[in-house]
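*Asks:* sequence plus predicted model, see below.
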Amino acid sequence: MAEIKKARGYVYTIQYHLVWCVKYRHKVLVNHVEVRLKELLHKIAADNGFTILEIEIDQDHLHLLVDCTPQHSIPTIVKALKGVSARLLFKEFPELKGTLWGGHLWNPSYFVATASEQTETQIRQYIQNQKGS
């Protein structure tokens, strides 16, 4: 169950499921690169004020469950995670540039979905029943 947080003037719980792929789906997220990528993503998230609740890395893509505040926008979160991680991984593992011509680690697109404990139907019913409360 997601933790409900309070801030000045609002109460919230916001989680996003994010997925993105390595450019050309090259299978480079293995061994030391995978381990280091997990460390880097957690550090980048902490530096930017959001949290990675879950992470799973396959050889050519990754899945994240991110917890953030209402002030965080999805494009800003993705840009921070993808941009900084690519720069640092290329610095620490220069052999990646040989595999990924053009100097890009990540495919520019990504998938995002909101994560919720309640289904759309439950939320619709709750809203529809508010007037009678």
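*Replies:* Done, it's in.
*Asks:* residues of stretch 110-125 that come out buried?
*Replies:* Neighbour-count burial for stretch 110-125 flags residue 110 (criterion: 16 or more other CB atoms under 10 Å). From N, CA and C alone the C-beta is placed, and that goes for glycine too.
*Asks:* now what about that stretch, what contacts it?
*Replies:* Residues from elsewhere that reach stretch 110-125, judged by CB atoms under 8 Å, 6 or more residues apart in numbering: 1-2, 14-20, 65, 74, 78, 82, 126.
*Asks:* kindly write the PyMOL command that selects the buried subset of these.
*Replies:* Buried residues among the contacts of stretch 110-125 (16+ other CB under 10 Å), as a PyMOL selection:
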select buried, resi 14+15+16+18+20+65+78+82
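*Asks:* which of the contacts of stretch 110-125 sit farthest apart?
*Replies:* 82 and 126 (35.4 Å; CB to CB).
*Asks:* quick one on the thing from earlier: so which of the contacts of stretch 110-125 belong to helices?
*Replies:* Among the contacts of stretch 110-125, the ones falling in helices (DSSP state H) are 74, 78, 82, 126.
*Asks:* the third one against residue 21, yeah?
*Replies:* Spelled out, it's residue 82. No: using CB atoms under 8 Å, residue 82 is not in contact with residue 21, being 10.7 Å away.
*Asks:* what's the separation between residue 56 and residue 20?
*Replies:* Going from residue 56 to residue 20 by CB to CB, to the nearest Å gives 13 Å.
*Asks:* mutual contacts of the two, please.
*Replies:* residue 62.
*Asks:* list the contacts of stretch 8-19.
*Replies:* Here stretch 8-19 makes contact (CB under 8 Å, 6+ apart) with 2-5, 53, 61-70, 72, 74, 77-78, 81, 110-116.
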